[in-house]
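[1] just the structure for this:
(4 chains)
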There are 2 protein chains.
Amino acid sequence: MSTTASTKQGRETRERIVRAAAALMGQNGASATTLDDVRAATGVSKSQLYHYFGDKRGLVEAVVEHQCATVLGLQTHALAAVSSWEDLERWADLMVAIVEEQGARGGCPIGTLAAALSDVDEELRTSLSEAFRAWSDAIRGALTRLRDTGQISVDADLDALTTRMLSAIQGGLLLAKTSRDANQLRVALDGAIAQLQASARVRH
Amino acid sequence: MSTTASTKQGRETRERIVRAAAALMGQNGASATTLDDVRAATGVSKSQLYHYFGDKRGLVEAVVEHQCATVLGLQTHALAAVSSWEDLERWADLMVAIVEEQGARGGCPIGTLAAALSDVDEELRTSLSEAFRAWSDAIRGALTRLRDTGQISVDADLDALTTRMLSAIQGGLLLAKTSRDANQLRVALDGAIAQLQASARVRH
DNA sequence: CGACGGCTGGACTGTCAAGTCCAATCAGCG
DNA sequence: CGCTGATTGGACTTGACAGTCCAGCCGTCG
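    Residues are numbered from 1 along each chain as shown, chains lettered A, B, ... in the order given. This next block holds a predicted model:
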């Protein structure tokens, strides 16, 4: 079938392919990277690609899953450690630093895939949408902690604040990547955090 | 050369091609739409594509220019009419309504192109970055008007607020398109506007 | 050991897409 | 009208890419 990998060796090969494919697709886009590109980057043979992924769409699907898992792993881990404003700012600084050190290229792997695939493949769109939802949950978890420790007002709309935060991340990353200026992300995130801090006080 | 179109008829043909290509590339992505797709959608012959655009990259370039001009035309026009909070909310409502009526598909033409092309073609990246800058200028113009009429504090950081607004637009559109839910854009824009209104009062 | 099944190599095919070329129109102008 | 250059039609070439096929390899387990 498409996703065979029972041996340890098999799983490693599969993993190696997915990683390389993810990098190539992140750079050039999913539809612009060819199976031969992946082959060249990994030294793997044609039949291996079809052995592990069935067809190109299967590979793209594996890349989507891999990128979602990677980003969510990092994000849920980092956000789980947030319980103060300083923590939240450190988390923001971390994202800006990552973007900076790649020369403001690439942007968010999930965001890039979402922009390219949402209108093309309904199933992949659903996976990516689900990933955004999971990311939102992680953010909302951090905000809930801030609220429960009295740092955000109890009648703040956490769902809305969460969506705004994720919008700021995605929008900021897109602007940063397009202008090659990580500062755009910096400003967007600062704004979202400032808005959270504004809701530390009860409104109206 | 690549961009020949001296006759009126020629300009119309060129325009028709660009429009169709923009629609196709918006739907399927630039690299996934073939010249034959464009040909089929327009009833134009192969040589016409090469006559007017030189090669495929030339067509993509024309599409980028067209989409930037279209979006900026709408945005600068709409934003130039903004001189009160109600106007700003109407502007936001308009964007949400547009997204809604397309079933939350497609997102921002500029944003989609930027996500796909920024890491691929430096010249196109520059054009798209420039478009974002022009869009920012239009937003900043509206905010400046609000400040000059006393609706925003004089010591508000308009540049930062502008970047946050554009981030909210782009992030909100991406989330909306991925989840097929225009409400995500709604929430993101409401947040950005709320933050502006918060800076109506002098801070700290 | 022997055989089974996952794994790998790589040649091969069919299709499709970019780009070329040349001849045929067509529009405007002296 | 007759000329010039823009415009158009469409066949053709070339290369690349997705996908197929089969033979050989290698680890594992009875």
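
[2] need the residues of chain A near DNA strand D, please.
    Applying C-beta under 7 Å from any atom of the strand, we find that chain A lies next to DNA strand D at A:7-9, A:34-37, A:46-47, A:50, A:55-57. C-beta coordinates here come from the backbone N, C-alpha and C atoms, glycine included.

[3] whichever of those end up buried, select them in ChimeraX.
    Buried subset of the residues of chain A next to DNA strand D, written as a ChimeraX selection, criterion 16 or more other C-beta atoms under 10 Å in any protein chain shown:
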select /A:35,37,56
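
[4] near DNA strand C too, which of the residues of chain A next to DNA strand D?
    Checking the residues of chain A next to DNA strand D against DNA strand C (C-beta under 7 Å from any atom of the strand), the matches are A:7, A:9, A:46-47.

[5] walk me through the domains of chain A.
    A:1-54, A:67-198 (automatic domain parsing).

[6] thinking again about what came up before, and the residues of chain A next to DNA strand D, which of them are in helices?
    By the criterion of DSSP state H, membership of those in helices covers A:8-9, A:35-37, A:46-47, A:50, A:56-57.

[7] can you list those in a markdown table and add distance to chain B?
    As requested, those are exported to a markdown table (distance: C-beta to the nearest C-beta, whole Å):
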| residue | distance to chain B |
| --- | --- |
| A:8 | 34 |
| A:9 | 33 |
| A:35 | 15 |
| A:36 | 15 |
| A:37 | 13 |
| A:46 | 22 |
| A:47 | 26 |
| A:50 | 21 |
| A:56 | 12 |
| A:57 | 13 |
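
[8] quick one: distance of the longest helix out of those in chain A to the chain centre.
    If you go by DSSP H, chain A has its longest helix at helix A:122-148. Distance, stretch centre to chain centre, for helix A:122-148: 11 Å (C-alpha atoms, centre = their mean, to the nearest Å).

[9] just stretch A:158-178 next, same as before
    12 Å.

[10] same check on stretch A:17-31?
    Using C-alpha atoms, centre = their mean, the offset of stretch A:17-31 from its chain centre is 14 Å.

[11] determine if any part of the helix or strand residue A:189 falls within is in contact with chain B.
    Assigned by DSSP states H and E, residue A:189 belongs to helix A:183-198. Yes: between helix A:183-198 and chain B, judged by C-beta under 8 Å from any C-beta of the partner chain, the touching residues are A:184, A:187-188, A:190-192, A:194-195, A:198.

[12] which parts of that helix are buried?
    Of the residues in helix A:183-198, A:183-193, A:195-196, A:198 count as buried by neighbour count, 16+ other C-beta under 10 Å.

[13] stretch A:149-159 too?
    Of all the residues in stretch A:149-159, those buried under the rule 16+ other C-beta under 10 Å are A:151-152, A:156, A:158.

[14] tell me the mean pLDDT for it?
    The average pLDDT within stretch A:149-159 is 96.

[15] and for stretch A:191-204?
    In this model, stretch A:191-204 carries a mean pLDDT of 82.

[16] chain center to it: distance?
    That offset, for stretch A:191-204, works out to 25 Å (C-alpha atoms, centre = their mean).

[17] equivalent analysis for stretch A:164-184, please.
    Worked out by C-alpha atoms, centre = their mean, stretch A:164-184 lies 13 Å from the chain centre.

[18] name the residues of it that are buried.
    A:164-179, A:181-184.

[19] do the same with stretch A:23-32
    Buried, per 16+ other C-beta under 10 Å, within stretch A:23-32: A:23-26, A:28-32.

[20] got the residues of chain A near DNA strand C?
    A:4-7, A:9-11, A:13, A:43-48, A:51.

[21] who are the packing partners of the helix or strand encompassing residue A:170?
    Element membership for residue A:170 (DSSP H and E) is helix A:158-179. With contacts taken as 3 or more C-beta pairs under 8 Å, 6 or more residues apart in numbering or on different chains; DSSP states H and E, helix A:158-179 sits against helix A:85-101, helix A:109-117, helix A:122-148, helix A:183-198, helix B:109-117, helix B:122-148, helix B:158-179, helix B:183-198.

[22] quick check: angle from the last one to helix B:158-179?
    Following axes from the mean of the first three to the mean of the last three C-alpha atoms, to 10 degrees, one obtains 160 degrees for the angle between helix B:183-198 and helix B:158-179.

[23] and for helix B:183-198, what's in contact with it?
    A:160-161, A:163-164, A:167, A:171, A:191, A:194-195, A:198, B:85, B:88-89, B:92, B:95-96, B:99, B:143, B:146, B:152, B:161, B:164-165, B:168-169, B:171-173, B:175-176 (C-beta atoms under 8 Å, 6 or more residues apart in numbering or on different chains).

[24] just how off-centre is it within its chain?
    19 Å.

[25] picking up where we left off before, the longest helix of chain A and chain B, are they touching?
    Yes: using C-beta under 8 Å from any C-beta, helix A:122-148 reaches chain B at A:125, A:128-129, A:132-133.

[26] most surrounded residue in those residues?
    residue A:128 (24 neighbours; other C-beta atoms under 10 Å in any protein chain shown).

[27] for the residues of chain A next to DNA strand C, work out which two are farthest apart.
    By the measure C-beta to C-beta, A:6 and A:43 form the most distant pair in those, at 22.0 Å.

[28] no further queries at this time; thank you.
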